[in-house]
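Peer 1: Pasting the sequence and the predicted coordinates here, then a few questions.
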Amino acid sequence: MVELRAPSIGVGQTALFIAWMRQMESERPDALFRDPLAGAMLSALAEDPVLADVAEVIKQTHTSARGFPTYFAVRTRFFDDEILAGVRGGIRQVVTLAAGVDGRTVRLDLPDGTQWYEVDLPEMTEFKDGLIAHSGLPLRCARHGIAADLREDWSVPLRAAGFDPGLPTVWLVEGLLMYLTDAAGEALLAGVSKLSAPGSRLTLEHLKAAMLQEEGRPARERVEEQGARWLSARDDLAEWLGGHGWRARVYAGDDPRIGQGRTVAPLPACWLATAVLDRSGV
Ligand SMILES: C[S@@+](CC[C@H](N)C(=O)[O-])C[C@H]1O[C@@H](n2cnc3c(N)ncnc32)[C@H](O)[C@@H]1O
């Protein structure tokens, strides 16, 4: 049997935390999605001390940031629906930047011919590739795990894996931008935009600026306990995306229009955006 070890990188632990949140959601009778890869991760790492650390953070989160589990459920479903809208509209190429332990390649109902590229740091990509193999869960698409640092030129390994910039793409940037500096986030969006053919769609999440102030301190402390750090936040997503040629709709994380009947409170920490390429204004 393959031996799986949790990635030791701090920000990688946040991916385990979020997968655990997805497992909690999956167990609800009214689940907004069911993620079998999250369950497989918890079983595979049951004896790994890293998981005990993550459990402690989850316990603390229940008192300091009670909105988080609901927020992650709503966020996951929001991006699921946006990705499915893209592929059902004919797009067959999906790229997740900072995929972590995201289980969409084994759980979404995807059209034949879908090519899905999942980029993350080498240690996380190796762990994810191993986890999927170890889980025995069938893939719902052709999945390509790509080891790259998104602060560097990730377009080279992406293209080498088969990504075609001539085809429209659905891009997903979930749980990443806050861990990058403003400059790195800017470079990432420029890279995405450059690689996007007409008809491409972009869905992303970013932190509200207030989360870098006093209001966000308890949640920030939980993130820092996992060895990660929020480095950027912004409240001007529509304008920012517009400047790169994307026409965006932006929702606060607690917007009832995307809540699926759930209430995300008391910590509406993030923005969720969905955008289509519209170079006419740039
Ligand atoms: C909070 S997790 C989110 C994972 C996944 N998108 C999800 O929502 O479950 C953050 C992820 O960003 C990845 N990450 C952070 N910095 C990165 C970088 N410079 N290059 C590539 N991946 C990075 C981490 O390894 C981790 O998997």
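Peer 2: Looks like it arrived, so ask away.
Peer 1: Number of residues surrounding residue 52?
Peer 2: 11 (other Cβ atoms under 10 Å). Bear in mind the C-beta positions are built from the backbone N, C-alpha and C, glycine included.
Peer 1: let's number from 13 now, not from 1
Peer 2: I'll keep to 13 as the first residue from here, and by that count the last item is residue 64.
Peer 1: Skipping adjacent residues, who's closest to residue 185 in space?
Peer 2: residue 216 (3.9 Å; Cβ to Cβ, 6 or more residues apart in numbering).
Peer 1: element containing the one you found, please.
Peer 2: strand 213-219 (DSSP states H and E).
Peer 1: Now do that strand: which elements does it pack against?
Peer 2: For strand 213-219, the packing partners by 3 or more Cβ pairs under 8 Å, 6 or more residues apart in numbering; DSSP states H and E come out as helix 80-100, strand 182-185, helix 249-255, strand 282-289.
Peer 1: now these as TSV including distance to the ligand and mean pLDDT?
Peer 2: Output for these, formatted as TSV (distance: least, Cβ to the nearest ligand atom, whole Å; pLDDT from 0 to 100):
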stretch	distance to the ligand	mean pLDDT
helix 80-100	8	94
strand 182-185	8	98
helix 249-255	17	98
strand 282-289	11	96
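Peer 1: And residue 70, how close does it get to residue 208?
Peer 2: 36 Å (Cβ to Cβ, to the nearest Å).
Peer 1: who's more crowded, these two?
Peer 2: Legend: neighbour count by other Cβ under 10 Å for residue 70 and residue 208, higher for residue 208 (23 against 16).
Peer 1: Leaving out chain neighbours, which residue sits closest to the residue of the stretch 63-212 of the chain found nearest the ligand?
Peer 2: Closest contact between the stretch 63-212 of the chain and the ligand, by Cβ to the nearest ligand atom, is at residue 112 (2.5 Å). Counting by Cβ to Cβ, 6+ apart, the nearest residue to residue 112 once its immediate chain neighbours are dropped is residue 27, at 3.0 Å.
Peer 1: what sits against the one you found?
Peer 2: 19, 112-113, 132, 136, 187 (Cβ atoms under 8 Å, 6 or more residues apart in numbering).
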